[in-house]
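Q: Fold the following for me, if possible:
(chains A, B, C and D)
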There are 2 protein chains.
Amino acid sequence: MKKVRLADVAKVAGVSMKTVSNVVHDYPHVTPEMRRKVQLAIDELGYKPNLTARRLATGRTGMIAFAIPEIDHPYFSELSRYIAEEASLRGYRVLVEQTLNSLSAEQAVLNDREAGLVDGVIFHPVRMQALDIAMLRRDVPLVLLGESTMPVTADHVMIDNVAAARDGVRHLLGQGRRRIAFLGLVAGDITGSTDQRLLGYQQGLVEANLPLDPQLVFSAPDFSPEAGAEAVRRALDSGIRFDGMICRDDRFATGALHALRGAGVNVPEDVAVIGWDDTELGRWATPRLTSISPDKRELAATALEMLGERIGGLQGIGRHRIASHSLSIRESAPAGASVLL
Amino acid sequence: MKKVRLADVAKVAGVSMKTVSNVVHDYPHVTPEMRRKVQLAIDELGYKPNLTARRLATGRTGMIAFAIPEIDHPYFSELSRYIAEEASLRGYRVLVEQTLNSLSAEQAVLNDREAGLVDGVIFHPVRMQALDIAMLRRDVPLVLLGESTMPVTADHVMIDNVAAARDGVRHLLGQGRRRIAFLGLVAGDITGSTDQRLLGYQQGLVEANLPLDPQLVFSAPDFSPEAGAEAVRRALDSGIRFDGMICRDDRFATGALHALRGAGVNVPEDVAVIGWDDTELGRWATPRLTSISPDKRELAATALEMLGERIGGLQGIGRHRIASHSLSIRESAPAGASVLL
DNA sequence: GATCCAACTTACAGCGCTGTAAACAAGCTG
DNA sequence: CAGCTTGTTTACAGCGCTGTAAGTTGGATC
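A: Below you'll find the model as predicted:
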């Protein structure tokens, strides 16, 4: 079975190529009779338009790239789902590009040896910084995600991390917690995520006239649950006391829950724990994890919205949008006063 | 900044388009001097080849589609990661297609949606059956994943689900468990996954001369952890007794762990639990979940291997490959004799 | 120095589709 | 019924690249 081309259909139907094209695209000014005749030929030959050729002719690919560190990180896989859904709603297909936390892979996303592959890019960097991004960025429409410092030239969506962290702290304070820890700093992390969350955490404490105890800020060697668990274990071993904890992400929080239980510390009775990202991992942790919940669908929708406008030709300085967040309250830091009180 | 074309570079370098193309492709028979001259022009103009045009000319897209039910399902997101990595190793980019368990979306995968877009498709169906697939399938290279009955015309990779389930049962038997339950059947599930796993479970019991008690096969309304928890709760409420459980996937198992703890049943002391898929969700459940572990990397590598051969022109009947599996033993069903004994 | 060969380079015809401009048809108007 | 419209269809030139076949060059060979 040879490939069927537009020209073949045209010949069989006895019309011009363009008329066939018009039928394929449901162009309104085609007489019903002509449409019928062409459709018949299409069905008979089993014609399928060749998308590559269409792209070359139109210059539009109908595809966007979604570049993230790891596709199987719970936050990114959940976000991917919304990106895929929102993209599909707008007629785009999604090419997922996994950077695996490598600088060169991130650079490749922007630099891309090849052009014309996608109409636009949604990019969550973790290694590149504002300046690198600004320098390397080509004229492909671009929307950035995440909390790195971002160049003013590109659009950007994020949640208000400082406010969200503060919300988390307030929730713990409302339960009567007074020694609240933060997990975790990671050496070499140049994204602003941790910094902003830490800042919000500190603001929350300061608001309540509580001291900032550096001992209560835990570091971890990497972003795995193991690392989070290890950090908490070390803190407990050093005799550091705390009754609340806010974690940089659900993976850390999940590890923390394991470490706490391992040490005989009860959650939430002895220590209330809040995670971040509101992922399935945390929803089914034990106890179920209270977590700061970025509105992932809104994040995805906003990114696609802005990207669509850029693809449509919108020029001008980068826009900065804040998506909403909330606190998903579950067992690890329930609502109401703590049992401690 | 206008788009730079091959012809522009050729003009600046004072050579033919084809020579520029040869330089871009590192074609060996180009004199160093010529190469230098051309490279200079490329750098000066900032030329990037247009992939769409290249594709139209060569007929190869360098992309494959990976069609799965849900991108944020832990098993599929982890598998996606390996698919992305293995694809990248072989010079392919991956277009992720989310079918959201919809029949029409699955049909679209095989039907026209991908015409000329991708060189091949890796597809994990959950709604389509062998016949539908055989009927709809176009001549795009195709590799199937999963346990649905598959048409003989297409390549297929899976693990030996029956053997894997048997292995799980044997593990529980080795701990002295005798009343082993299976979670869970789902109405409307037409994939063979559950059936095969159930069969292996039954074989394992029969091997040990244990009776097959239909009460010990739990049904759930859908595939969520909630549904798994609910199924277990119902069983406990009905007074059904069991000391071991093998779950159709980690989501069910995670839900089951919650239900058991909620009922005051200790895992693994009272009931040992085995999940399936060996996902991060289970690895960080409490207790950490013992899980049947399909070798996801091997699955991905094999699928890409076979797809590559098909793209290379290999004809002939569908090949059926089995990837390996193992049991990841953790706290929920540890090794060694049970504390019950 | 004529001949041949290998190594390199070029010209150009597609790949399959769409946008444009021009052609044609049919219905109205005066 | 010529002259306009409006509506419908057509012809064809690209989109940017690569494969092919036909050149060109420089050196080795006799």
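Q: and the helix or strand that contains A:Ser104, C-alpha only, in PDB?
A: Taking DSSP states H and E as the criterion, A:Ser104 maps to helix A:103-111. This file holds the C-alpha atoms of helix A:103-111, laid out as PDB (Å, rounded to 0.1, in the frame of the first residue of the first chain):
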ATOM      1  CA  LEU A 103      23.100  22.100  32.600                       C
ATOM      2  CA  SER A 104      23.900  21.100  29.000                       C
ATOM      3  CA  ALA A 105      20.500  19.500  28.500                       C
ATOM      4  CA  GLU A 106      18.900  22.700  29.700                       C
ATOM      5  CA  GLN A 107      21.000  24.800  27.400                       C
ATOM      6  CA  ALA A 108      20.100  22.500  24.600                       C
ATOM      7  CA  VAL A 109      16.400  23.200  25.200                       C
ATOM      8  CA  LEU A 110      16.900  26.900  24.500                       C
ATOM      9  CA  ASN A 111      19.800  26.700  22.100                       C
END
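Q: phi, psi of A:Gly168?
A: The phi/psi pair for A:Gly168 (degrees, to the nearest 10) reads phi -60, psi -50.
Q: Can you pull the poorly scored residue ranges out of chain A?
A: Chain A contains residues with pLDDT under 70 at A:1-2, A:337-341.
Q: Next up, the contacts around the most centrally placed residue in it.
A: In chain A, the centroid-proximal residue (Cα atoms, centre = their mean) is A:Leu79; its distance is 4.6 Å. The neighbours of A:Leu79, taking Cβ atoms under 8 Å, 6 or more residues apart in numbering or on different chains as the test, are A:68, A:145, A:296, A:299-300. (C-beta placed from N, C-alpha, C; glycine too.)
Q: any idea which of these is closest to DNA strand C?
A: A:Ala300 (27.8 Å; Cβ to the nearest atom of the strand).
Q: contact partners of the helix or strand hosting the closest one?
A: Here A:Ala300, judged by DSSP H and E, is contained in helix A:296-311. The contact list for helix A:296-311, computed with Cβ under 8 Å, 6+ apart, reads A:64, A:78-79, A:82-83, A:85-87, A:90, A:92, A:119-122, A:141-143, A:145, A:155, A:157-159, A:319, A:321, A:323-324.
Q: What residues sit buried inside that helix?
A: Across helix A:296-311, burial judged by 16 or more other Cβ atoms under 10 Å in any protein chain shown covers A:296-308, A:310-311.
Q: and chain A, which residues reach DNA strand D?
A: Within chain A, the residues that sit near DNA strand D (Cβ under 7 Å from any atom of the strand) are A:15-19, A:22, A:28-31, A:33-34, A:53, A:56-57, A:59, A:116.
Q: among the residues you listed, which are in strands?
A: Using DSSP state E, no member of the residues of chain A next to DNA strand D falls in strands.
Q: Direction included, what does the helix or strand just after the helix holding A:Ser104 pair against?
A: Counting by DSSP H and E, the element after helix A:103-111 in chain order, helix or strand, is strand A:120-123. Sheet pairing for strand A:120-123, assigned by DSSP bridges, gives strand A:63-68 (parallel), strand A:142-145 (parallel).
Q: Pick the most buried one from the ones you listed.
A: Among those, strand A:142-145 has the highest mean neighbour count (mean count of other Cβ atoms under 10 Å in any protein chain shown), at a mean of 26.
Q: What segments of the stretch 151-300 of chain A are helices?
A: Along the stretch 151-300 of chain A, counting by DSSP state H, counting those that start in this stretch, helices occupy A:161-174, A:193-207, A:225-237, A:250-262, A:280-283, A:296-311.
Q: Pull up the gap between A:Ile122 and A:Thr99, please.
A: As judged by Cβ to Cβ, to the nearest Å, A:Ile122 and A:Thr99 stand 13 Å apart.
Q: so what sits against both of those two?
A: Common neighbours of A:Ile122 and A:Thr99 (Cβ under 8 Å, 6+ apart) are A:Ala67.
Q: between those two, who's got more neighbours?
A: Between A:Ile122 and A:Thr99, counted using other Cβ atoms under 10 Å in any protein chain shown, the more crowded position is A:Ile122 (28 against 22).
Q: just checking, that one touches A:Leu145?
A: Yes - with contacts counted by Cβ atoms under 8 Å, A:Ile122 reaches A:Leu145, the gap being 6.4 Å.
Q: So A:Ser193 sits against A:Gly146, correct?
A: Yes - when contacts are counted by Cβ under 8 Å, A:Ser193 is listed as touching A:Gly146 (6.7 Å).
Q: Give me the common contacts of those two.
A: By Cβ under 8 Å, 6+ apart, no residue touches both A:Ser193 and A:Gly146.
Q: Pull up the residues of chain A that are close to DNA strand C.
A: A:3, A:5-7, A:17-18, A:21, A:24-25, A:47, A:49-50, A:53-54, A:56-58.
Q: give me that answer again for 10 Å
A: A:2-10, A:16-25, A:27, A:31, A:47-60 (Cβ under 10 Å from any atom of the strand).
Q: taking those residues one by one, which sit in helices?
A: Judged by DSSP state H, helices contain the following of those: A:6-10, A:17-24, A:51-58.
Q: and A:Glu147, what does it touch?
A: A:158, A:161, A:191-193, A:195-196.
Q: And those residues, which of them are buried?
A: Buried among the contacts of A:Glu147 (16+ other Cβ under 10 Å): A:158, A:161, A:191-193, A:195-196.
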